[in-house]
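Chemist: Kindly generate the corresponding structure for this input.
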Amino acid sequence: MHVPTRVLFGCGQLNELHAQPMPGKKAMIVVSNGKSVKVNGYLARTEEQLHQAGIETVLYDKIEANPLRQTVTAGGQMAAASGADFLVALGGGSVIDASKGIAVVAANGGDVWDYITNGTGKGMPIEKTPLPIIAITTTAGTGSETDMGGVITNQETKEKTPIKGPQLFPQLAIIDPELMASVPPRFTAYQGFDALFHNIEGYIANKSSLMSEMIALTAIEAISQYLPIAVKDGKNLTAREKVAFGSYLGGLEMVVCSTVSEHSMEHSLSAFHQELPHGAGLIMLSESYFTYFIEHHVCDGRFVRLAQALGMTEATEPKDFITALLQLQKDCGVADLKMSDYGITPDEFPQMARIAKSAMAFLFKSDRIDLSEDDVVEIYQKAYK
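Modeler: Numbering: from 1, shown residues only. All right, here's what the predicted structure looks like:
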C-alpha cells in the first residue's frame, strides 16, 4: 500500500496547521460557492493558521457540488495567474476533487479535460508536477483527502469521471471532526453512505485482498454503528470522529482496491442532474444494484459477512444484507429518496448506461460478473421511484 499523504486526525487538528511543513510560500485556498466554511469560521481559522506560518493567501470560492470542468479549469488559471505555489482545499469531496484538477491545470495549462484519460478526455500526460495540495476536509464521505483521484463533471458530454495520478495525493490531510459538526443531518447521511459504499463495494470487488478486506470491514462497522448517531446529533463528536475514520478508511480502500460499477452508475445520474448529491444517488441505486448481484449469487458469503458488519450478527443469508442496509437507511432518515424528485426520468436510462460504461468503464472491470448496458438499464429501472 502506497499512500504518501501525511494525516493529522482528530478533534482540534486544524489548530496544528501552522506548525506543519509548508510546500510553498503562497497558497490559493479553494472552497465551495456556498457559505458554510465562511459562516462557521473555518475559512478565517484556516487563513489565520496559514498567515501564522508566514504564508500569503488568495481565495477561489467557486466550486459547486459535483464540480464542473469549466470551474476547475478557471481555478487552475487563477492559481497560475496569482503566483500561488500550492493549494489548500478546504471543504468536502467536491472541493478536494476539484483542487486536484486545479493543481494540474495550474502547472500544465490547457483545459482539465485534456488530462482526463476516460471517456472523451484527451488523455494527455501530466508532464509538469501539479501544485502540492493540503486537504482539510469538512465532511465525512469521499475520502478524497487521501487518494489520488478527483471526479469532474463535463456538462456538455454528460460525463463524470476522474482526473487521477500518483502526483495528486495531497501532501497533508487534516481530518478534524469538529469541522463536520455543522453539516446538516440529511447531508451527514448522504456523505456517510458514500463512505459506506466505498467500503462495501471494495469488499465485493474482484480486486479485494486481505488488506482491503480488513480496511473495509473496520470502516463498515464504524460507520453503521455511528452514522445514525451523527445524523440525530451532529454535535456528538465521538460519532463524528468514528464516521470520519470510516470515511478516511474508504479513501485507503480505493487505493488498495477499488469501488465497483455502482459508482459508475451513480456518476451518470449526477452528471445528468448536477443537483443530485452523490451519496443520495448511491442510496437510490443501492437496493436494486446489490439485489442484482445477490440474485446472481456472485459472492454469497461476502454479502452474509457484510450483513454482520452492518450489525445483523445473526445473518446467514445473502439477502440479509439488503435487510440490514435498508434498516440503516431508515435509521438515518434517507429511506424515502426518489429519483423522480430530482427530475430523473426513465427515458434517460439507456444513455446513462452507455455513458456509465464508457466514461467510468474501469469500475465495471472490478465487478465479479459482467454487466451489459441492458443490465445497467434494468438496475436503474428497478431503482426508479
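
Chemist: Give the burial count for residue 143, as a bare number.
Modeler: 28 (other C-beta atoms under 10 Å). Yep, even glycine has a C-beta here, placed from its N, CA and C like the rest.

Chemist: wait, it sits on residue 196?
Modeler: No: using C-beta atoms under 8 Å, residue 143 is not in contact with residue 196; the gap is 11.2 Å.

Chemist: Quick check: neighbours shared by those two?
Modeler: residue 250 (C-beta atoms under 8 Å, 6 or more residues apart in numbering).

Chemist: where does the residue lying closest to residue 104 once chain neighbours are set aside land in three-state SS?
Modeler: Nearest non-adjacent residue to residue 104, counting by C-beta to C-beta, 6 or more residues apart in numbering: residue 130, 4.8 Å away. The three-state assignment at residue 130 reads coil, by DSSP: H, G, I helix; E, B strand; the rest coil.

Chemist: Next up, the contacts around residue 130.
Modeler: 100, 103-104, 106-108, 167-168.

Chemist: And residue 271, by the same measure?
Modeler: By C-beta under 8 Å, 6+ apart, the neighbours of residue 271 are 66, 153-155, 158-160, 355, 359.

Chemist: so what does the helix or strand containing residue 29 touch, helix or strand wise?
Modeler: Using DSSP states H and E, residue 29 sits in strand 26-32. With contacts defined as 3 or more C-beta pairs under 8 Å, 6 or more residues apart in numbering; DSSP states H and E, strand 26-32 has these neighbours: helix 42-52, strand 56-63, helix 69-82, strand 86-91, helix 93-108.

Chemist: Hmm, residue 291 and residue 325 touching each other?
Modeler: No: counting by C-beta under 8 Å, residue 325 stays clear of residue 291, with 10.0 Å between them.

Chemist: that older thread, most neighbours, which of the contacts of residue 271?
Modeler: Neighbour max across the contacts of residue 271 (other C-beta under 10 Å) = residue 160, 31 neighbours.

Chemist: Now do the same for that one: helix, strand or coil?
Modeler: strand.

Chemist: Now do the same contact list for it.
Modeler: Contacts of residue 160 by C-beta under 8 Å, 6+ apart are 66, 151-154, 267-268, 270-271, 359-360.

Chemist: Compute the mean per-residue pLDDT across stretch 160-177, please.
Modeler: Mean pLDDT, stretch 160-177: 98.

Chemist: Okay, buried residues for that stretch please.
Modeler: 160-165, 167-177 (16 or more other C-beta atoms under 10 Å).

Chemist: and it, C-alpha only, in PDB?
Modeler: The C-alpha trace of stretch 160-177 is given here as PDB (Å, rounded to 0.1, in the frame of the first residue of the first chain):
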ATOM      1  CA  LYS A 160     -18.500  12.500 -14.700                       C
ATOM      2  CA  THR A 161     -15.100  10.900 -14.400                       C
ATOM      3  CA  PRO A 162     -11.800  11.300 -12.500                       C
ATOM      4  CA  ILE A 163      -8.500  13.000 -13.200                       C
ATOM      5  CA  LYS A 164      -6.000  10.800 -11.400                       C
ATOM      6  CA  GLY A 165      -2.400  10.000 -10.900                       C
ATOM      7  CA  PRO A 166       0.100   9.400  -8.100                       C
ATOM      8  CA  GLN A 167       1.100  13.100  -8.300                       C
ATOM      9  CA  LEU A 168      -2.300  14.000  -6.900                       C
ATOM     10  CA  PHE A 169      -2.200  12.600  -3.500                       C
ATOM     11  CA  PRO A 170      -2.400  15.500  -1.100                       C
ATOM     12  CA  GLN A 171       0.800  16.200   0.800                       C
ATOM     13  CA  LEU A 172      -1.100  16.700   4.000                       C
ATOM     14  CA  ALA A 173      -4.600  15.900   5.100                       C
ATOM     15  CA  ILE A 174      -6.300  17.300   8.100                       C
ATOM     16  CA  ILE A 175      -9.400  15.300   9.300                       C
ATOM     17  CA  ASP A 176     -10.900  17.300  12.100                       C
ATOM     18  CA  PRO A 177     -14.300  16.100  13.200                       C
END
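
Chemist: Could you pull out the helices in the protein for me?
Modeler: 36-39, 42-52, 69-82, 93-108, 185-204, 210-232, 237-256, 261-272, 278-295, 300-309, 320-331, 349-359, 361-364, 373-383 (DSSP state H).

Chemist: Throw those into a markdown table and include distance to residue 29 and mean pLDDT, thanks.
Modeler: Shown next, in a markdown table, are these (distance: least, C-beta to C-beta, whole Å; pLDDT from 0 to 100):
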| stretch | distance to residue 29 | mean pLDDT |
| --- | --- | --- |
| helix 36-39 | 9 | 98 |
| helix 42-52 | 6 | 98 |
| helix 69-82 | 11 | 98 |
| helix 93-108 | 10 | 98 |
| helix 185-204 | 21 | 98 |
| helix 210-232 | 26 | 98 |
| helix 237-256 | 21 | 98 |
| helix 261-272 | 25 | 98 |
| helix 278-295 | 23 | 98 |
| helix 300-309 | 38 | 98 |
| helix 320-331 | 35 | 98 |
| helix 349-359 | 30 | 98 |
| helix 361-364 | 31 | 98 |
| helix 373-383 | 38 | 98 |
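
Chemist: Please consider this matter closed, and thank you.
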